[in-house]
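Enquirer: any chance you can model this:
(one chain, ligands or ions: 2)
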Amino acid sequence: MTSLTGRSFLKEFDFTPAEWRSLLDLAAQLKDERRRGVEQQRLVGRTIALIFEKSSSRTRSSFEVAAFHQGAHTTYFDPSGSHIRGKESIVDTALLFGRMFDAIEYRGFGQDTVEDLAKYSGVPVWNGLTDEWHPTQTLADQLTILERVGKPLNQVSIAYLGDARNNVGNSVLAGGALMGMDVRMVAPKALHNTDEVVAQARGVAEQTGARITLTDNVAEGVAGADVIYTDVWVSMGEPEEVWAERIALLRPYQVNAALMTATGNPDAIALHCLPAYHDRNTTVGEKVFQLTGMDALEITDEVFQAQREVIFDQAENRMHTIKAVMVATLGA
Ligand code: CP
Ligand code: NVA
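Expert: Ligands and ions are numbered 1, 2, ... in the order given. Got it, this is the predicted structure:
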């Protein structure tokens, strides 16, 4: 067992493969203990700050529910209800919260903010999504793959389709590299991960045996894949004006029935971090339909419904894996 006590959880590349694996193992153990009704509380009396500068349904729920299961208390700071940034800098907030709380979760914009919180607070800080990384998502994705694909991760091939340079795209690549996976980033060249992220992933892959492919060719990218992964084409914090360009670029990368067939693998699963634009039942989905006639964006409703159980397992696994991060870094 690798001790992560007192550590922050900021991005995948901060961890060794063994450390990362220990978090997946702990998450599976905690999930099993909960199912069997024998969960032990390892965070009794702990206080946790949850800072959200962007919206959330899954991540917030996961931190709050997992903390409750484990006996900890959370205080939620929404994007407007505190002095954070407005009257008080991130560094001063970190100094304050380090005195009040035993750990801090942060969701927001630049990775530098979560790094500064960790540097100045003196307590474990957990990244609940930044512009650059979404590492708690990666743990949930990989736990779902272990459960659903039934092969060790280093025998699994995963193809990510969409805006590969976004937080989830970077995290799929980094997490796949750590676990020795066959990772294909399938996107138009303009949306590939930065050279820096790719270089880091290739460096990790040299130790883990991961295969890293960047391609703009859908057929080549998805051939033989066990897992097809997609995410929204425009991320939180991006201006509305980018929608038109992004739709034009990414339309050929939509996860639809033909793309699933193109894997040549009838058992291939589809993952989505959610929320997803798979129908017109959202304000953005309807607006895009009115403008383009597309009734789904990154994933069709047909594929979404066919994969619904898998995708909502993935969502549930956010809670079990976030609990593992909290217990490993803060637990008694
Ligand atoms: N996948 C994810 O992070 O979802 P939320 O934005 O709802 O937290
Ligand atoms: N890339 C998406 C992920 C949402 C969980 C975003 O940042 O909006």
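Enquirer: buried set for the least confident helix or strand in the chain by mean pLDDT?
Expert: Using mean pLDDT, DSSP states H and E, helix 283-292 stands out as the lowest-scoring helix or strand of the chain, at a mean of 92. By 16 or more other CB atoms under 10 Å, the buried positions in helix 283-292 come out as 285, 288, 289. (C-beta placed from N, C-alpha, C; glycine too.)
Enquirer: what about the strands in the stretch 101-250 of the chain?
Expert: 103-107, 125-127, 157-161, 182-186, 211-215, 227-230 (DSSP state E, counting those that start in this stretch).
Enquirer: any idea how far the shortest one is from the chain center?
Expert: Between the centre of strand 125-127 and the centre of its host chain there is 13 Å, according to CA atoms, centre = their mean, to the nearest Å.
Enquirer: spell out which parts of the stretch 101-250 of the chain neighbour ligand 1.
Expert: 129, 137 (CB under 6 Å from any ligand atom).
Enquirer: any low-confidence regions in the stretch 101-250 of the chain?
Expert: In the predicted model of the stretch 101-250 of the chain, no residue satisfies pLDDT under 70.
Enquirer: closest one to ligand 2 among the strands of the stretch 101-250 of the chain?
Expert: strand 103-107 (9.2 Å; CB to the nearest ligand atom).
Enquirer: I'd like to know which elements that closest one is packed against.
Expert: With contacts taken as 3 or more CB pairs under 8 Å, 6 or more residues apart in numbering; DSSP states H and E, strand 103-107 sits against strand 47-52, helix 58-70, helix 90-100, helix 111-121, strand 125-127, helix 308-330.
Enquirer: now with 7 Å?
Expert: strand 47-52, helix 111-121, strand 125-127 (3 or more CB pairs under 7 Å, 6 or more residues apart in numbering; DSSP states H and E).
Enquirer: tell me the most buried of those?
Expert: strand 125-127 (a mean of 29; mean count of other CB atoms under 10 Å).
Enquirer: any part of stretch 227-234 near ligand 2?
Expert: Yes. Counting by CB under 6 Å from any ligand atom, ligand 2 is contacted by stretch 227-234 at 231, 232.
Enquirer: now the angle from the helix or strand containing residue 24 to helix 58-70?
Expert: Applying DSSP states H and E as the criterion places residue 24 in helix 17-35. On the basis of axes from the mean of the first three to the mean of the last three CA atoms, to 10 degrees, helix 17-35 is oriented at 70 degrees to helix 58-70.
Enquirer: helix 17-35 to helix 308-330, inter-axis angle?
Expert: 110 degrees.
Enquirer: contact partners of helix 17-35?
Expert: Helix 17-35 is contacted from outside by 1-2, 4, 12, 39, 69, 139, 142-143, 146, 178-179, 208, 320-321, 323-325, 327-328, using CB atoms under 7 Å, 6 or more residues apart in numbering.
Enquirer: change it to 6 Å
Expert: Outside helix 17-35, the residues that touch it by CB atoms under 6 Å, 6 or more residues apart in numbering are 2, 39, 139, 142, 143, 178, 208, 320, 321, 323, 324, 328.
Enquirer: same question for that helix, mean pLDDT?
Expert: Helix 17-35 carries an average pLDDT of 98.
Enquirer: give me the distance between it and the centre of its chain.
Expert: So, by CA atoms, centre = their mean, the centroid of helix 17-35 is 16 Å from its chain's centroid.
Enquirer: in it, what's buried?
Expert: 17, 20, 21, 22, 23, 24, 26, 27, 28, 30, 31.
Enquirer: restrict that helix to CA atoms and write it as CSV.
Expert: Output in CSV follows, covering the C-alpha atoms of helix 17-35 (Å, rounded to 0.1, in the frame of the first residue of the first chain):
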residue,chain,number,x,y,z
PRO,A,17,1.8,4.5,-11.6
ALA,A,18,1.9,2.6,-8.3
GLU,A,19,0.4,5.5,-6.4
TRP,A,20,-2.3,6.0,-9.0
ARG,A,21,-3.1,2.3,-9.0
SER,A,22,-3.4,2.4,-5.2
LEU,A,23,-6.2,5.0,-5.6
LEU,A,24,-8.1,2.8,-8.0
ASP,A,25,-7.7,-0.2,-5.7
LEU,A,26,-8.9,1.8,-2.7
ALA,A,27,-11.9,3.1,-4.7
ALA,A,28,-12.9,-0.5,-5.6
GLN,A,29,-12.5,-1.5,-1.9
LEU,A,30,-14.6,1.4,-0.6
LYS,A,31,-17.3,0.8,-3.2
ASP,A,32,-17.4,-2.8,-2.2
GLU,A,33,-17.5,-2.0,1.5
ARG,A,34,-20.4,0.4,1.0
ARG,A,35,-22.3,-2.2,-1.1
